[in-house]
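Engineer: When you get a sec, could you give me coordinates for this:
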Amino acid sequence: MSRYQFSVIRERLRARGGDVLDFAIGSAGVPLAEPLAEIVRGEPELALRRCTPDEVEAFAVSAAEMLFRVYDVRVDPELVLAVPGSRVAMSTLTACVLSPDDDVLVTEPGYPAFARVAAHQHVRIWRASLNPKRDFLPDLDLLAKAGPIRIAALNYPNNPTGVVLSRPGIAELAARVGSESILFNDAAYGPLVYEGSPPSLLGIGALEGLEQPLAELYSLSKLFSLGPLGISFFVGTSGLIEELREYSDFAWAPLSSLHLQLARHCVADELLLDEVRGFYGKRIEALRATIGELGFQAYSTPAGMYVLCRLPASIAGTAVTGAQQAADILLDHFGLAVAAFEIAPHSYLRFSSLYREADLESLAKLGERLEVVS
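Structural biologist: Numbers count the residues shown, from 1 in each chain. Okay, here's the model as predicted:
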């Protein structure tokens, strides 16, 4: 297995010191909201106190209310499971339900962590490419070669394409993998939808009358500047959530009271989510305008916090034949870091909206030197 792409990027950025425009990962997020800062300043000792059953229950109730308010999905709070981070959640899911030689479906491009975690369970990974000519719906023809799919893992709103879940896409996937497969969606960027209302896998599943076990994962660390205090939570069908809950009894250290109180405030405060959506929406708009002026051709950005671009034909007079080559040119010769995605037959460059304002201004000044030809 090749090294994790973003670990390599971090090492290259560190080697260059501060002389880089970081649009690959980014270092600027949503400023910590004052109500959250007040909790941390007022009761820091909560970080050393194990959460109580009452705090867990209160968070689950608030999370269920948020799901109804934002996604129009009614969920019993008993089906909400708080988890100390999304990667812990993915590791839990794969440990609970996968056996060696199972078949797992993932989409590419997409957040790569799930496939890497699942691979350590010694399963077969099938990678369905998202087709830009079909609004980035996954190409499922490869399923003809696969065995029964144990987990079909999705990542919507998708990183990096920004595409959201669609009823036709989920209906097609469910029909192809069958009712015995688990449908899992990593909804880390769930509320960050800029065109229409955010959809949910559970909501679509109810509308389509799906019989599959479903699980959706929501992360607060992507939306709020909580650092290591950010948590995630599973929500899904009862049998699957109970299996995950049983595993959680012994698989990880309990969350602190500070974790749960901050998390509950995040999901309960309607204004916080609106502010986060507005924050990233403005940054996406500014980023798209800047890279467009530089000559990059961006796909639409209906959701998320990234802008995906087509591979240019040339940069600074050098013909470009692949995404990693383009990213290397930009970093080595212009101090501009972007993420590269190679999913044959397509290649993409991804710009992050987690940029510093000064970096966006510096990026705009690169125009004449870059000479991007798309």
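
Engineer: can we go C-alpha only for contacts and neighbour counts from here?
Structural biologist: Will do.

Engineer: and the longest helix for this structure?
Structural biologist: helix 270-294 (DSSP state H).

Engineer: Can you check what angle separates whichever helix or strand comes after that one from helix 270-294?
Structural biologist: Going down the chain from helix 270-294, the next helix or strand is strand 306-310, by DSSP states H and E. If you take axes from the mean of the first three to the mean of the last three CA atoms, to 10 degrees, strand 306-310 sits at 30 degrees to helix 270-294.

Engineer: got a pLDDT number for residue 1?
Structural biologist: You'll see residue 1 listed with a pLDDT of 64.

Engineer: Adjust the sequence numbering to begin at 586 for everything that follows.
Structural biologist: Sounds good: first residue 586 from here, last item residue 586.

Engineer: what domains does the record give for the protein?
Structural biologist: Domain segmentation of the chain under automatic domain parsing yields 590-615+857-955, 634-853.

Engineer: and those as a markdown table, adding distance to residue 628 and mean neighbour count?
Structural biologist: Below are the domains of the chain laid out as a markdown table (distance: least, CA to CA, whole Å; neighbours: other CA atoms under 10 Å):
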| stretch | distance to residue 628 | mean neighbour count |
| --- | --- | --- |
| domain 590-615+857-955 | 21 | 18 |
| domain 634-853 | 8 | 19 |
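
Engineer: Reformat those as CSV; add distance to residue 621 and mean pLDDT.
Structural biologist: Shown next, in CSV, are these (distance: least, CA to CA, whole Å; pLDDT from 0 to 100):
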stretch, distance to residue 621, mean pLDDT
domain 590-615+857-955, 10, 91
domain 634-853, 6, 93
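
Engineer: out of those, nearest to residue 623?
Structural biologist: Closest to residue 623 of the domains of the chain, according to CA to CA: domain 634-853, at 10.1 Å.

Engineer: And the closest one, how far out from the chain middle?
Structural biologist: Taking CA atoms, centre = their mean, to the nearest Å, one finds domain 634-853 lying 10 Å from the centre of the chain it belongs to.

Engineer: coming back round to it: counting by contacts, list what the longest helix of the chain packs against.
Structural biologist: helix 842-853, strand 891-895, helix 942-949, helix 952-955 (3 or more CA pairs under 8 Å, 6 or more residues apart in numbering; DSSP states H and E).

Engineer: and residue 934, which of those is closest to it?
Structural biologist: Per CA to CA, nearest to residue 934 of those: strand 891-895, 5.2 Å.

Engineer: Output the contacting helices and strands for that closest one.
Structural biologist: Judged by 3+ CA pairs under 8 Å, 6+ apart, strand 891-895 is in contact with helix 855-879, strand 931-937.

Engineer: Just send the ones you listed back as TSV, with distance to residue 666 too.
Structural biologist: Formatted as TSV, those follow (distance: least, CA to CA, whole Å):
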stretch	distance to residue 666
helix 855-879	20
strand 931-937	30
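
Engineer: among the ones you listed, which is nearest residue 721?
Structural biologist: Of all the helices and strands packed on strand 891-895, strand 931-937 sits nearest to residue 721, with 11.6 Å by CA to CA.

Engineer: what sits against residue 670?
Structural biologist: Residues near residue 670 by CA atoms under 8 Å, 6 or more residues apart in numbering: 804, 806, 815-817.

Engineer: If we use 10 Å, what do you get?
Structural biologist: Residues counted as contacts of residue 670 (CA atoms under 10 Å, 6 or more residues apart in numbering) are 802-806, 813-818.

Engineer: Rebuild those as JSON lines, extending it with distance to residue 850.
Structural biologist: Converted to JSON lines, the contacts of residue 670 look like this (distance: CA to CA, whole Å):
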{"residue": "802", "distance to residue 850": "18"}
{"residue": "803", "distance to residue 850": "15"}
{"residue": "804", "distance to residue 850": "14"}
{"residue": "805", "distance to residue 850": "11"}
{"residue": "806", "distance to residue 850": "13"}
{"residue": "813", "distance to residue 850": "16"}
{"residue": "814", "distance to residue 850": "13"}
{"residue": "815", "distance to residue 850": "12"}
{"residue": "816", "distance to residue 850": "12"}
{"residue": "817", "distance to residue 850": "14"}
{"residue": "818", "distance to residue 850": "14"}
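
Engineer: Distance check, the closest residue in space to residue 714 that isn't next to it in sequence against residue 751.
Structural biologist: Once flanking residues are discounted, residue 714 sits nearest to residue 693: 4.7 Å by CA to CA, 6 or more residues apart in numbering. Distance of residue 693 to residue 751, given as CA to CA, to the nearest Å: 17 Å.
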